[in-house]
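Asks: How does the following fold in three dimensions:
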Amino acid sequence: MLRRALLSIGLAIGLLALWGCGAGDVATTVTEGSDQLSQASVSELTNQLPTIEEAVNAGKTDEAKAAFNTFIQTWDALKQQAQQAAPKSASQIETTMDSIKAALMDAEIPDPATVKDGLQQLGQQLNQLSAELQQS
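Replies: Take a look at the predicted model:
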């Protein structure tokens, strides 16, 4: 069964590469096709945080919003698995994402300090989720 899943993932990556999908599209598709949340999936989320922070630091609100939207989409593909694997961590991540969304996406004037604090918390929470996955 594992072999079939790995073959399916490999086929999906190959087809997506042929169709010209971006790396984020490939990662999201692979994640959606897996039955288990992996540390690689969590690392993909963690690796997106600096892009958001760099845009916030540069005052590039539209870029920060777009990068956070990508983070949200990636998280949404993993959320159900995260809730099953580590419900407390998943809940904390959701709460922090809500505060970042309020400060960046929903605010008339974005609050960079709140966004940066939220990104730092999110990084710590993703590290905790990864540690919990490693223990299971």
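Asks: just checking, S38 touches Q134?
Replies: No: S38 lies out of contact with Q134 (Cβ atoms under 8 Å); the separation is 10.4 Å. The way it works is simple: take the backbone N, C-alpha and C, and place the C-beta from them, glycine included.
Asks: Next SSE downstream of the strand or helix carrying T95?
Replies: Here T95 is covered by helix 87-101, with elements defined by DSSP states H and E. Next helix or strand after helix 87-101 toward the C-terminus (DSSP H and E): helix 112-135.
Asks: Now that following helix - C-alpha only, CSV.
Replies: What follows is helix 112-135, C-alpha atoms only, in CSV (Å, rounded to 0.1, in the frame of the first residue of the first chain):
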residue,chain,number,x,y,z
PRO,A,112,3.5,45.2,11.1
ALA,A,113,4.5,44.6,14.8
THR,A,114,1.5,42.3,15.4
VAL,A,115,2.2,40.5,12.2
LYS,A,116,5.8,39.9,13.1
ASP,A,117,5.0,38.8,16.6
GLY,A,118,2.4,36.4,15.1
LEU,A,119,4.9,35.0,12.6
GLN,A,120,7.4,34.4,15.4
GLN,A,121,4.7,32.5,17.5
LEU,A,122,3.7,30.6,14.4
GLY,A,123,7.3,29.5,13.8
GLN,A,124,7.5,28.2,17.4
GLN,A,125,4.1,26.5,17.1
LEU,A,126,5.1,24.8,13.8
ASN,A,127,8.3,23.6,15.5
GLN,A,128,6.2,22.2,18.3
LEU,A,129,3.9,20.4,15.8
SER,A,130,7.0,19.0,14.1
ALA,A,131,8.4,17.7,17.4
GLU,A,132,5.1,16.1,18.2
LEU,A,133,5.1,14.3,14.8
GLN,A,134,8.6,13.1,15.4
GLN,A,135,7.5,11.5,18.7
